[in-house]
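# Requesting a structural model of the entry that follows:
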Amino acid sequence: MEISVSKIPINQEIKFKKSDLKALEKPHSYLSSFFYCVCSISNVKYFISIYPNLFPGQILIHLYVISGNAIWIETDIEYAITSANFSKNIKWNCKKLEKSDSWIRVNRDCFDTKKNIFNKNDEIVVKIKGFFKIGLQNKKFSHPIFIQMKIKEKDLKAAKMKNAFLKSKKFKLSSDSDIKYFLEIDPDFNGGKTWFFFYLTPKIEA
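Numbers count the residues shown, from 1 in each chain. Predicted coordinates:
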């Protein structure tokens, strides 16, 4: 089975309000952040959950990963709770994911409620920055694309005089790989006709 590998950067700041945490009364009640998508094709996501009442005098903060359709996942991220002056590096991997959309707890930290872990705005702030490496089974994907290129007549005439061509900027197909696409215009190709060319530049990390 062939596997393609993508290395994807993430940089996210997640905030929880003290008032929202205080509103929770039951021991197993918790707050969760949004689910942040690492990449659309693999559907790998991550999120933070906070349990303020699970154990007396403690606040638990969990980092979860949802595996999507990845075959394996690695992380190398700087994980910081800036309001608590706390940071760590999380290097985690799961080399065999047999079930899709698995919820996996990657990290758990416990903080004493006697110590103030809120900032001056009464928020807990979690920062996550680094990379996910995601392994996917090679298969066909369909992905929508859009490209628009505006061309000035004077630029087209100048390119024709120089026997040159015009290019659009390169667009990334998705966050899962380095595949890009672009348009190229040759104003004097094959007998003086103007031709449009569409290119893909596949560069998938293996």
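
# How about residues contacting the longest helix belonging to the chain?
For the chain, the helix with the greatest residue count under DSSP state H is helix 153-161. For helix 153-161, the external contacting residues (C-beta atoms under 8 Å, 6 or more residues apart in numbering) are 165-166, 185, 187-188, 194. All C-beta atoms are positioned from the backbone trio N, CA, C, and that covers glycine.

# Of the residues you listed, just the buried ones, PyMOL syntax please.
Entered in PyMOL, the line below selects the buried ones among the contacts of helix 153-161, by 16 or more other C-beta atoms under 10 Å:
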select buried, resi 165+166+185+187+188
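
# Show residues contacting the helix or strand following the longest helix of the chain.
Next helix or strand after helix 153-161 toward the C-terminus (DSSP states H and E): strand 166-167. Here strand 166-167 makes contact (C-beta under 8 Å, 6+ apart) with 151, 155-156, 159, 182-185, 187.

# picking up where we left off before, just the closest of the contacts of helix 153-161 to residue 20, please.
Proximity of those to residue 20 was ranked by C-beta to C-beta; the top entry is residue 166 with 52.9 Å.

# Provide a list of residues in contact with the residue most central in space within the chain.
Here the mean C-alpha position of the chain is nearest to the C-alpha of residue 38 (C-alpha atoms, centre = their mean), at a distance of 2.8 Å. Contact criterion C-beta under 8 Å, 6+ apart gives 8, 10, 44-46, 132, 134, 175 as the residues in contact with residue 38.

# at 7 Å instead, please
Counting by C-beta atoms under 7 Å, 6 or more residues apart in numbering, residue 38 touches 8, 10, 44-46, 132, 134.

# Walking through this structure, point out its strands one by one.
3-17, 31-32, 36-37, 45-51, 58-66, 72-81, 86-94, 103-112, 123-137, 166-167, 171-172, 180-189, 193-201 (DSSP state E).

# Columns mean pLDDT and distance to residue 146 on top of those, output as a markdown table?
Shown next, in a markdown table, are those (pLDDT from 0 to 100; distance: least, C-beta to C-beta, whole Å):
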| stretch | mean pLDDT | distance to residue 146 |
| --- | --- | --- |
| strand 3-17 | 89 | 21 |
| strand 31-32 | 93 | 33 |
| strand 36-37 | 93 | 19 |
| strand 45-51 | 94 | 24 |
| strand 58-66 | 93 | 28 |
| strand 72-81 | 93 | 29 |
| strand 86-94 | 91 | 34 |
| strand 103-112 | 90 | 33 |
| strand 123-137 | 91 | 24 |
| strand 166-167 | 84 | 17 |
| strand 171-172 | 78 | 8 |
| strand 180-189 | 81 | 10 |
| strand 193-201 | 79 | 13 |
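
# Compile the ones you listed into a markdown table and extend it with columns for distance to residue 24.
What follows is those, written out as a markdown table (distance: least, C-beta to C-beta, whole Å):
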| stretch | distance to residue 24 |
| --- | --- |
| strand 3-17 | 11 |
| strand 31-32 | 7 |
| strand 36-37 | 22 |
| strand 45-51 | 9 |
| strand 58-66 | 11 |
| strand 72-81 | 18 |
| strand 86-94 | 22 |
| strand 103-112 | 16 |
| strand 123-137 | 13 |
| strand 166-167 | 55 |
| strand 171-172 | 40 |
| strand 180-189 | 46 |
| strand 193-201 | 50 |
